[in-house]
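Student: Sequence and predicted model, in that order:
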Amino acid sequence: SEGEHVIIALGNGKFQARSIKTGGVSAGRTEVVSGLQEGDDVVVSAQFLIDSESSLQESLGKLSGGQ
């Protein structure tokens, strides 16, 4: 399995793709057991604009093993 990924907002219009591991699901909420730190700002809406899509694609490529 490729695992699950989230997008983290870093501020100043920058974003980072990150691999996470999930645990239990209850009442529409999913437990994240690894891959995030307290204070990480996870993008939860598809209604956002990314100024540097190439940076996002590069980050996603690194997650999938590309360089």
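Tutor: Nice, thanks for sending it over.
Student: remind me, longest strand of this protein?
Tutor: With DSSP state E setting the assignment, residue counts place strand 14-26 as the longest strand in the chain.
Student: contacts for the following helix or strand past that strand?
Tutor: Using DSSP states H and E, the helix or strand that follows strand 14-26 in sequence is strand 29-34. Applying C-beta atoms under 8 Å, 6 or more residues apart in numbering, the external contacts of strand 29-34 come out as Ile20, Lys21, Thr22, Gly23, Gly24, Val25. All C-beta spots, glycine's among them, are computed from the backbone N, C-alpha and C.
Student: Who wins on neighbours among the residues you listed?
Tutor: Counting neighbours by other C-beta atoms under 10 Å, Ile20 leads the contacts of strand 29-34 with 17 neighbours.
Student: so what's the nearest residue to it once chain neighbours are set aside up against?
Tutor: Of all residues not flanking Ile20 in the chain, Gly35 sits nearest, at 3.3 Å (C-beta to C-beta, 6 or more residues apart in numbering). By C-beta under 8 Å, 6+ apart, Gly35 lies in contact with Val6, Arg18, Ser19, Ile20, Lys21.
Student: And the pLDDT at the residue located most distally from the centre of the chain?
Tutor: Distance from the C-alpha centroid of the chain, by C-alpha atoms, centre = their mean, peaks at Ala27 (21.7 Å). On pLDDT, Ala27 comes in at 96.
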